[in-house]
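Asks: predicted model and sequence below, questions to follow.
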Amino acid sequence: MLRYTIHRALLMIPTLLGVAVLVFVLLRLMPGDIVEMRFLLEGGQVSPETLAAERARLGLDKEIWWQFYDWMTGIFVGDFGISMWTGRPVIGEIATRLELSMQVAIMATVLATMLALPLGTIAALYKDSWIDRLIQVFAIAGLAVPSFWLGMLIILGLLLNFNWIPPLTFTPIYEDPAKNLSQLIWPALAVGYRYMAVAARMTRSTILEVLQEDYIRTARAKGLYERLVVGRHAMRNAMLPVITVIGLEFAFLIGGLVVTEQVFNLNGIGKLFVDTVTRADYTMVQALVMLVAVFFILINFAVDLLYAVFDPRIRYN
Amino acid sequence: MSIITATPEITYKVPRRRHPAMQFVATQPLGAASLVFIVMLFLAGVFADFVVPYDPLTLDYEAMLAAPSAEHWLGTDAFGRDVFSRIIFGARTALAVGLLSSFLGSTIGAAIGVASAHFGGRVDLAIQGFMDVLLSFPIIVLALAVVAMLGKRLVGGIDVNLILAIAIPMMPRVERVVRSSALAIREMAYIDAARAAGYGNMRIIFRHMAPNVVAPYLIMFTAFMAQAILLEASLSFLGLGVTEPTAAWGLMLSGTSQEFYSQAPWMIIFPGVAISLAVFSFNLFGDSLRDYLDPRLKV
């Protein structure tokens, strides 16, 4: 297992390096850099000397591989650079917003998992009945409804029914839990629906598959209560693919937040990404993209390890 | 000779075989129903000019924020534009962008997948490494990054870079699935036979391997149609996809709708319903196509 873990961990290195190179090069292919953009915004004429001086200050005058080298060496000592737009350290800008986004993501995961497991199991046990059909339609609709539109409908519903909209400023949960939840539960519901749908569909199909296995027939044949057959034998063996989907979808949640945060006017990672990507704020976009990619790759890593733990055949392959 | 001519005519019952299309309708009624809806959507998009009661771009300040009525079935927006007409024209945008981008994404992905499986070894390793890099981004993050980096480039009224931005994140996902199907085919005896006959790589890839991965290709293609429509709506909503005054569903949910939707809820309800229905029917059709063609395929 240790051998497999090390091998799998080493495989992440080239991928991460590839991500870094790709982001770095693509950003610099973008027409017009941040210096031009910022001065153009202020209007008026800017002398080429001022532009050159500003570029030198941001380190944009160096050769591209030197810029890459500076960035990479910075990362290793925990220095992600300074936002080219706000002038503040990137790491601080991200940290303040990460708290909000992570909370929404975790709440959505908990909500989705709590709903998806029972719904998926019920659908599988009553396969082809009306209750299965109902759950299936509910789930497939979850894949179709855009989370940002669902968010708008939620706000509209709250406004029309209670003449109330969620608070617009973020309060950390340890300061005022009620206020915090009254703001963040809605976006969590909006992005959680799709998540729930994916997990419920996966639960249904794996449980159906597991119920075909010989050991389920054996369990039933020896007169085990159906509750135990499902709860102990089927559920436990069906969990692996479900956990995988939950893990992978958690990473996708960050993507869902990109759009949904706009609707709820949340100042989170997603909003930061949309804002900075259009401003050519190289340092910020690089850091954000790396953050998301590292997150994604680590979750994949964790899922692979989990598989190896449960299925020893994988380790020796 | 005479013995052969004397052979009595053998009569046996040919098992009744339905046309594959009929078979699909019989076994996948929901899939067939969603296909009907998709066809209607395409017809509405193509013949939008003849379907709509109003021009989707004409401003009518007399009828700003008008509620749904006999004149304006689904109401009007903040500029007095007819919501129904804009939804129909939005179907054209969504389907054009969706079709082009998922065709591009799945075709390139499938071609790379088959080639990667065929060549194997170092080539396969290098391609998979690159695909791993692309797969390290959530779909929308990659699409957003590409859109922001490439900017807009209109060719024939369609933003080519938007299509690329949607196609690029799909490509590695299709590639993975097609590659794994192609790997199984590579071991087949007829591929060895083709190689023994001295056929070149191109001929083996396109004549012998490609036809056998059509099923996963078609399934991925329809599944990504739904994704592409959703992605186009999201990008347009963020102001990075289709831009005003073109009618697009995601765009109808942004801009002035954000300010007025408490007074005029129809402005956001109906475009969202249109997105959901379109994505729903493509998903449903994709699912039934998978059940029909290859039930074991995991997408």
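Replies: Everything's here; your move.
Asks: residues from chain B in reach of chain A?
Replies: Proximity of chain B to chain A (CB under 8 Å from any CB of the partner chain) is limited to residues B:129-130, B:132-133, B:136-141, B:144-146, B:148-151, B:226, B:230, B:233-234, B:237-238, B:240, B:250, B:253, B:261-262, B:265, B:268-269, B:272, B:275-277, B:279-280, B:283-284, B:287. From N, CA and C alone the C-beta is placed, and that goes for glycine too.
Asks: tell me the helices and strands packed up against the host helix or strand of B:M225.
Replies: Using DSSP states H and E, B:M225 sits within helix B:214-237. Helix B:214-237 is packed against helix A:130-144, helix A:235-263, helix B:83-119, helix B:139-150, helix B:160-186, helix B:249-252, helix B:266-293, with contacts defined by 3 or more CB pairs under 8 Å, 6 or more residues apart in numbering or on different chains; DSSP states H and E.
Asks: repeat that for 7 Å
Replies: helix B:83-119, helix B:139-150, helix B:160-186, helix B:249-252, helix B:266-293 (3 or more CB pairs under 7 Å, 6 or more residues apart in numbering or on different chains; DSSP states H and E).
Asks: winner for burial among these?
Replies: helix B:249-252 (a mean of 28; mean count of other CB atoms under 10 Å in any protein chain shown).
Asks: next SSE after that one?
Replies: helix B:256-260.
Asks: so if we follow the domain assignment, how does chain A break up?
Replies: Residue ranges for the domains of chain A, per automatic domain parsing: A:18-76, A:94-310.
Asks: where does pLDDT dip in the stretch 101-250 of chain A?
Replies: In the predicted model of the stretch 101-250 of chain A, no residue satisfies pLDDT under 70.
Asks: and it, which of its residues are near chain B?
Replies: A:140-141, A:143-146, A:148-149, A:152, A:156, A:159 (CB under 7 Å from any CB of the partner chain).
Asks: so can I have JSON lines of those residues showing neighbour count?
Replies: Formatted as JSON lines, these follow (neighbours: other CB atoms under 10 Å in any protein chain shown):
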{"residue": "A:I140", "neighbour count": "18"}
{"residue": "A:A141", "neighbour count": "17"}
{"residue": "A:L143", "neighbour count": "20"}
{"residue": "A:A144", "neighbour count": "21"}
{"residue": "A:V145", "neighbour count": "21"}
{"residue": "A:P146", "neighbour count": "26"}
{"residue": "A:F148", "neighbour count": "29"}
{"residue": "A:W149", "neighbour count": "26"}
{"residue": "A:M152", "neighbour count": "24"}
{"residue": "A:L156", "neighbour count": "16"}
{"residue": "A:L159", "neighbour count": "14"}
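Asks: looking at these, which is nearest A:F68?
Replies: A:F148 (35.1 Å; CB to CB).
Asks: quickly find the element holding that closest one.
Replies: helix A:147-162.
Asks: list the buried ones in the helix or strand just after that helix?
Replies: Next in sequence after helix A:147-162, counting helices and strands by DSSP H and E, comes helix A:177-211. Residues of helix A:177-211 classed as buried by neighbour count (16 or more other CB atoms under 10 Å in any protein chain shown): A:179-181, A:183-208, A:210-211.
Asks: lowest-scoring secondary structure element of chain B by mean pLDDT?
Replies: helix B:2-5 (a mean of 56; mean pLDDT, DSSP states H and E).
Asks: and whichever helix or strand comes after it, what does it pack against?
Replies: Remark: after helix B:2-5, the chain's next helix or strand is helix B:20-27, criterion DSSP H and E. Counting contacts by 3+ CB pairs under 7 Å, 6+ apart, helix B:20-27 is packed against helix B:29-46.
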